[in-house]
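Peer 1: Sequence below, structure please.
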Amino acid sequence: MSALKSIYFIVNPFSGGGKTKGIGEKIQTYLDHNQFEYTVQFTEAPGHATQLAKAATSSKHSIIVAVGGDGTVNEVAAGLINSDKTMGIIPAGSGNGLAMHLGIGRDIPKAIAVLNNGLPIKIDTCELNGRPYINLAGIGFDALIAYQTANSKTRGFLAYAWQSIRSALVYKAKKYQLLIDGKSFEKEALIIEVANAPMFGYNFTVAPLAKLNDGLLEIVVIRKAWKWRYIMMIPRFLNGTVHKSNLVERYTAKTVSIKLNAPAPVHVDGEGYLLKSDLSFSINPLSLSLIANANYSSPII
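Peer 2: Numbers count the residues shown, from 1 in each chain. I've put the predicted structure just below:
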């Protein structure tokens with residue numbers, strides 16, 4: 001009989017308003033114990049998941065699983081980049097954008113089933129000013145909402161929707177100076193997204209053509225327009241056709257920089273914060289092993 005693989009679950013107990021409650025019992029119930037043994041560790045503070053993941057790179061564990069929202073996924077991935085470990089995801093946040101794209105979904109028992117039967121794939125990772133991310137980062141209206149939500153006492157879809165509606169009434173497109181693989185562009189835009197994967201949380205697909213393993217950043221620029229035109233675009237975000245809108249420009253590149261004239265909110269994998277320096281994006285090709293649903297269609301490159 002072959003030795004069991006060891007899984008290390010890194011759990012954020014605060015994710016999704018308590019969605020990780022009872023996670024130990026669910027792992028015990030749904031994990032395939034003929035394949036795996038496991039350890040569960042709870043995080044204690046922001047950044048702790050990255051510390052635990054880094055420490056796990058020199059452990060016996062072969063699979064390191066982020067149990068939480070997009071922020072927890074980001075922290076665990078940051079500790080595993082360029083290691084020989086494989087990362088898994090159990091979505092327990094509000095948005096769960098990357099988990100949805102990978103076919104893992106939002107249901108915890110089904111996500112554990114993906115660990116039992118899933119497909120390890122190699123993906124690119126990205127950096128914004130040296131800060132790693134694996135899904136999306138950007139500046140503009142979406143970054144403002146992420147920043148406001150991060151500083152709000154309430155989280156989740158309703159809080160996100162309320163912040164979006166309230167801010168949309170007064171938000172104005174901003175001018176940005178971009179350098180994309182050395183070529184200069186000036187854009188007046190609602191948002192600029194620099195994507196590794198296609199999807200925000202809540203099934204909003206902002207970069208439908210982004211590929212996790214092509215060695216390129218996908219840059220999506222949504223240009224200035226009347227507010228009613230943005231409202232008309234909402235169905236395109238939900239059906240994966242936003243790139244076909246005549247308000248959208250897209251580019252692919254290995255490096256991107258955006259000049260700031262004043263401090264501005266940015267987001268990295270949905271976590272908003274205020275940045276005072278210019279933005280510099282880069283990509284690290286095929287630098288992380290990640291478990292996807294066995295039916296996930298990894299792009300052929």
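
Peer 1: Tell me where the stretch 151-300 of the chain has helices.
Peer 2: 157-168, 227-239 (DSSP state H, counting those that start in this stretch).

Peer 1: Return the member of those having the minimum mean pLDDT.
Peer 2: Of all these, the minimum mean pLDDT falls on helix 157-168 (a mean of 63).

Peer 1: Where does pLDDT dip in the stretch 1-150 of the chain?
Peer 2: 1-2 (pLDDT under 70).

Peer 1: ok, which stretches of it are helices?
Peer 2: 23-30, 48-56, 70-80, 97-101, 108-117, 141-150.

Peer 1: what about the ones you listed, which gets the closest to Leu286?
Peer 2: Among these, helix 70-80 comes nearest to Leu286, with 13.3 Å by Cβ to Cβ. Backbone N, C-alpha and C define where each C-beta goes, glycine included.

Peer 1: Which parts of this structure belong to which domain?
Peer 2: 5-117, 131-285 (automatic domain parsing).

Peer 1: Including distance to Asp124, could the ones you listed go into a markdown table?
Peer 2: Below are those laid out as a markdown table (distance: least, Cβ to Cβ, whole Å):
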| stretch | distance to Asp124 |
| --- | --- |
| domain 5-117 | 10 |
| domain 131-285 | 5 |
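
Peer 1: Compare those domains and report which one is nearest to Ala294.
Peer 2: Of the domains of the chain, nearest to Ala294 by Cβ to Cβ is domain 5-117, at 5.6 Å.

Peer 1: measure that closest one end to end?
Peer 2: Using Cα to Cα, to the nearest Å, the end-to-end distance of domain 5-117 comes to 13 Å.

Peer 1: Out of the domains of the chain, flag the one nearest Ile123.
Peer 2: So among the domains of the chain, domain 131-285 is nearest, using Cβ to Cβ, at 4.1 Å.

Peer 1: to the chain's geometric centre, what's the distance from that closest one?
Peer 2: Here domain 131-285 is found 12 Å from its chain centre; the criterion is Cα atoms, centre = their mean, to the nearest Å.

Peer 1: Next, the contact list for the residue nearest to Leu98 when sequence neighbours are not counted, please.
Peer 2: Using Cβ to Cβ, 6 or more residues apart in numbering and skipping residues adjacent in sequence, the residue nearest Leu98 is Asn135, 4.6 Å away. If a contact means Cβ atoms under 8 Å, 6 or more residues apart in numbering, then Asn135 has 70, 73-74, 97-98, 101, 195-197, 199, 269-270 as its contacts.

Peer 1: ditto for Ala143
Peer 2: 191, 264-267, 272.

Peer 1: Go again with 6 Å.
Peer 2: 265-267, 272 (Cβ atoms under 6 Å, 6 or more residues apart in numbering).

Peer 1: one step back: any chance of the helices of the stretch 1-150 of the chain in JSON lines, plus distance to Lys174?
Peer 2: Listed next are the helices of the stretch 1-150 of the chain as JSON lines, based on distance: least, Cβ to Cβ, whole Å:
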{"stretch": "helix 23-30", "distance to Lys174": "41"}
{"stretch": "helix 48-56", "distance to Lys174": "31"}
{"stretch": "helix 70-80", "distance to Lys174": "24"}
{"stretch": "helix 97-101", "distance to Lys174": "24"}
{"stretch": "helix 108-117", "distance to Lys174": "38"}
{"stretch": "helix 141-150", "distance to Lys174": "9"}
